[in-house]
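J.: quick check, what structure comes out for this input:
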Amino acid sequence: MLLVLSALIVHGLLGGIDVVLNHELSERLPQRLSAWQEQALHSAREALFALLFLGLAWLQWHGAWAWVIVALIAAELAVTLRDSVVEDRTRQLPVFERLLHAVLFINLGVYSTLLAPQLWTWLHEPAALVSTNYGWPSYVLTLLGLLAIGWCLRDAVSYRRLRQVAV
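T.: Model prediction:
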């Protein structure tokens, strides 16, 4: 599980770099009227990652509960794919942002592939949410989860404000 959590931590760090450098500093999406749809998608994705970070940091998802993790990852993929389409329709992405998105897509495959055998094992156990502590990865994922919640709320407020003006 350490490899899975490490890949997830890398994803959180790369996602944070994307948000701060690209969305905030370079593109100023929270202030850009044309970015209201993007902000809604970013808020949704940050909420999904907060659940994933916090959920995998402290719980094992046995039995049917494992499908919750599968659903979170599938929803994240759907939101990210939709975000890619919206971005292409509303703005020209800087080269660094495009490259970072490609690396994030690759890492999504990495952590999903690493997690799949664990999910398979959990699916074959009696349904239960089992408390766990993976040591330092649990604490790092908790920090990333709390940051994701904060950014989710910030982007949700930005979305509401921009949409009121745009629509």
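J.: contacting residues for Q60?
T.: Counting by Cβ atoms under 8 Å, 6 or more residues apart in numbering, Q60 makes contact with 122, 129-130, 132. Glycine gets a C-beta too; all of them are placed from N, C-alpha and C.
J.: make CSV from those and add secondary structure and neighbour count to it.
T.: Listed next are these as CSV, based on DSSP: H, G, I helix; E, B strand; the rest coil; neighbours: other Cβ atoms under 10 Å:
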residue, secondary structure, neighbour count
W122, helix, 21
L129, strand, 14
V130, strand, 12
T132, coil, 12
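J.: right, and the secondary structure at Y134 would be what?
T.: The local conformation at Y134, judged by DSSP: H, G, I helix; E, B strand; the rest coil, is coil.
J.: closest one to V20 out of the contacts of Q60, please.
T.: Within the contacts of Q60, the smallest distance to V20 is 30.3 Å, found for T132 (Cβ to Cβ).
J.: any chance you could map the strands in this structure?
T.: Secondary structure of the chain (DSSP state E): strands at 59-62, 128-131.
J.: dump those to CSV, plus distance to R91 and mean pLDDT.
T.: Compiled in CSV, the strands of the chain are given as follows (distance: least, Cβ to Cβ, whole Å; pLDDT from 0 to 100):
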stretch, distance to R91, mean pLDDT
strand 59-62, 37, 98
strand 128-131, 41, 98
